[in-house]
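A.B. asks: no sequence for this one, just the structure:
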Ligand SMILES: Nc1nc2c(ncn2[C@@H]2O[C@H](COP(=O)(O)OP(=O)(O)OP(=O)(O)O)[C@@H](O)[C@H]2O)c(=O)[nH]1
Ligand SMILES: [Mg+2]
C-alpha cells in the first residue's frame, strides 16, 4: 500500500495518480486497467481535475493520451499553463475539435487530428489505435460531449473497447463527464461500466457556496463507511486544493497566535495595536494540496465578547500557548470554552519552546490536563535575534508544518 505523503511525496515509477490531495489518499492512485469517471454537475465543471491529473502524470513520466472535443489543443494547453501545469513530451493530444470549427490543424508528433469529428467510426478508431501505442493513461475531455454528438450506446461500446485495450496495455483512463440532466438510465449504464465514479458538485442555495468532490464508488478500495466528501477550491495557479474554510487560532495574550498565522500563510493580515491583536488575524494557508483560511482571535480578556463570534463556523482549532507561562494555561482552556469550539479537532501549539524556562511536552500535557489523543506540537522562533516585541515573529517551518499536517489529517 502506498502511503500518502503530500503531493511531492508520491512515489514515482508506479501507476497513475490523481495528483489531488485526499483523492490519492482515499483511492491510492489509479491502478492500471481501471477506468474512472469524473462526473460533474454543470454548475461546477471538472476540467481542472483533468489538467491536474495530466500534469501529475506527465511529470512522473507516465505517457498520457488526451482526447479533446470541447476545446482546441492550443487553448487547452494555454489553460493548463495558467494553472501552472505546463505540458511536456509525455502528453499527446487527439484533436476532435478543430475539425468541427473548420480551423485547420496540422498533425504533429504530439497532436493527432481527427479530420471529421462527426464521423463516429473515425473518432473511435483514432482513439483506440493511438491508445495501443503504449500509454499509461487516457484522459477524455469530454465524454458527455461525445454522447451529445453521437449517443449513449456509442459511448458505452467505446468504453468497453477502451477497457479491452487498457487490459492488454496496462493503461488506465479518466473520463470527464458533465451531467446535463441526461436520462438517468443512460447515466447509470455508464456508471456500471467504469471502475470508479467521482462526483463533483456545488453546495447551492441560489448562489454556489462551495464545491466538493466525493467518491461515489470504487472497486479497488474498500471503504466500509463510504468515502467522505471533500470541499475544494480551484486555484489559478495551483489547481484543485482541498479546502478548509475556517480554522480558528486562539490562545492567551502574547502566546504567538499572530506569529503562527503569519508563519503558516502567505498573505496574513492582522489588526494590531502596539503588537497586540485587537480585532482578528486572517491568513490563507497553501500546503501540500490543501488550502485553509486561518482566523486568529485576540488574546486580551477585554476582547472576550468577540470570541464566540470568531469561533462561529470554525471546523478545527489551533490552541497556541506560551511554553514558558504555565500560569496562562487555565486561560487557554477558558478561551477554548468561550469560542464555543469544544469538541472540534484541536491541535495544541506549544510556542516559544526556544526560550529558557520552556516546559517540556510532558509537563505541558500534565498541566493542561490534555487527553493523550490530543496533538501537542512545539514551535520556535526561526531566529531568536530577530524577535521583535512589537511584531509577529517568523516561526520555524518544521513545527508549523507539523501542526498543519496533523490538524488537516484530523479534519478530513
Ligand atoms: N522567543 C520567541 N518569541 C516569540 C515566539 N513567538 C512569538 N514571539 C514573540 O512574542 C510576542 C507575541 O507574539 P504574537 O504572535 O503577537 O502573539 P499573539 O498571541 O498574537 O498576541 P495577542 O494578539 O496580543 O494575543 C511577539 O513579540 C513575538 O515576536 C517564539 O516562538 N519565540
Ligand atoms: Mg495576535
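C.D. replies: Now that the structure is in, tell me what you want to look at. Just so we're clear, the structure is a prediction, and the values are computed from it rather than from any experiment. Ligands and ions are numbered 1, 2, ... in the order given.
A.B. asks: Quickly find the element holding the residue of the stretch 101-250 of the chain found nearest ligand 1.
C.D. replies: When scored by C-beta to the nearest ligand atom, the stretch 101-250 of the chain has residue 249 as its residue closest to ligand 1, at 8.4 Å. For every residue, glycine as well, the C-beta is placed using N, CA and C. Residue 249 belongs to strand 239-250 when elements are defined using DSSP states H and E.
A.B. asks: quick one: is the helix or strand that that strand is followed by near ligand 1?
C.D. replies: For strand 239-250, the succeeding helix or strand toward the C-terminus, using DSSP H and E, is helix 257-264. Yes - Helix 257-264 reaches ligand 1 (C-beta under 6 Å from any ligand atom) through 257-259.
A.B. asks: before we move on, back to that, who are the neighbours in contact with the residue of the stretch 101-250 of the chain closest to ligand 1?
C.D. replies: Residues near residue 249 by C-beta atoms under 8 Å, 6 or more residues apart in numbering: 257, 260-261, 281, 294-297, 317-318, 320.
A.B. asks: hang on, the earlier thing: ligand 2 next: which of the residues of helix 257-264 next to ligand 1 are close?
C.D. replies: Among those, proximity to ligand 2 is found for 257-258 (C-beta under 5 Å from the ion).
A.B. asks: Specify which member of the residues of helix 257-264 next to ligand 1 is nearest to ligand 2.
C.D. replies: Proximity of the residues of helix 257-264 next to ligand 1 to ligand 2 (C-beta to the ion) peaks at residue 258, which lies at 3.2 Å.
A.B. asks: Determine the number of other residues adjacent to the residue in the stretch 301-412 of the chain that ligand 2 sits nearest to.
C.D. replies: Nearest to ligand 2 in the stretch 301-412 of the chain, going by C-beta to the ion, is residue 392, at a distance of 6.9 Å. Residues lying near residue 392 (other C-beta atoms under 10 Å) number 22.
A.B. asks: With residue 117 instead?
C.D. replies: 21.
A.B. asks: Go ahead and confirm residue 165 touches residue 130.
C.D. replies: No - using C-beta atoms under 8 Å, residue 165 is not in contact with residue 130, being 10.0 Å away.
A.B. asks: average model confidence for stretch 44-61?
C.D. replies: Here stretch 44-61 scores 95 as its mean pLDDT.
A.B. asks: related to what we said a few turns ago, of the residues of helix 257-264 next to ligand 1, which is the most crowded?
C.D. replies: Comparing the residues of helix 257-264 next to ligand 1 on neighbour count, residue 257 comes out first with 30 neighbours (neighbours: other C-beta under 10 Å).
A.B. asks: what sits against it?
C.D. replies: 249-251, 277, 281, 296-297, 299, 318, 320.
A.B. asks: tilt between the strand holding residue 249 and helix 257-264?
C.D. replies: Angle between the axes of strand 239-250 and helix 257-264 is 170 degrees (criterion: axes from the mean of the first three to the mean of the last three C-alpha atoms, to 10 degrees).
A.B. asks: Buried residues, strand 239-250. List them.
C.D. replies: By 16 or more other C-beta atoms under 10 Å, the buried positions in strand 239-250 come out as 239-244, 246-250.
A.B. asks: Same check on stretch 134-154?
C.D. replies: Buried-residue list, stretch 134-154, by 16+ other C-beta under 10 Å: 135-147, 149, 152.
A.B. asks: how is the protein carved up into domains?
C.D. replies: Domain assignment for the chain by automatic domain parsing gives 7-237, 244-411.
A.B. asks: Do a quick rundown of the helices in the stretch 51-200 of the chain.
C.D. replies: Taking DSSP state H, counting those that start in this stretch as the test, the helices found in the stretch 51-200 of the chain are 73-82, 98-101, 120-131, 143-149, 152-169, 184-193.
A.B. asks: Can I get these in CSV including distance to residue 340 and mean pLDDT?
C.D. replies: Below are the helices of the stretch 51-200 of the chain laid out as CSV (distance: least, C-beta to C-beta, whole Å; pLDDT from 0 to 100):
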stretch, distance to residue 340, mean pLDDT
helix 73-82, 41, 97
helix 98-101, 57, 92
helix 120-131, 56, 97
helix 143-149, 45, 97
helix 152-169, 50, 97
helix 184-193, 42, 97
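A.B. asks: nearest to ligand 2, of these?
C.D. replies: helix 73-82 (36.0 Å).
A.B. asks: Show me the contact partners of that closest one.
C.D. replies: Applying C-beta under 8 Å, 6+ apart, the contact partners of helix 73-82 are 47, 51, 54-55, 66, 68, 71, 86-87, 93, 95, 97-98, 105, 111, 141, 236-237.
A.B. asks: List buried residues within those residues.
C.D. replies: Neighbour-count burial (16+ other C-beta under 10 Å) is assigned, among the contacts of helix 73-82, to 47, 51, 54-55, 66, 68, 71, 87, 93, 95, 97-98, 105, 111, 141.
A.B. asks: which among those gets closest to ligand 1?
C.D. replies: So of these, ranked by how close each gets to ligand 1 (C-beta to the nearest ligand atom), first place is residue 55, at 37.1 Å.
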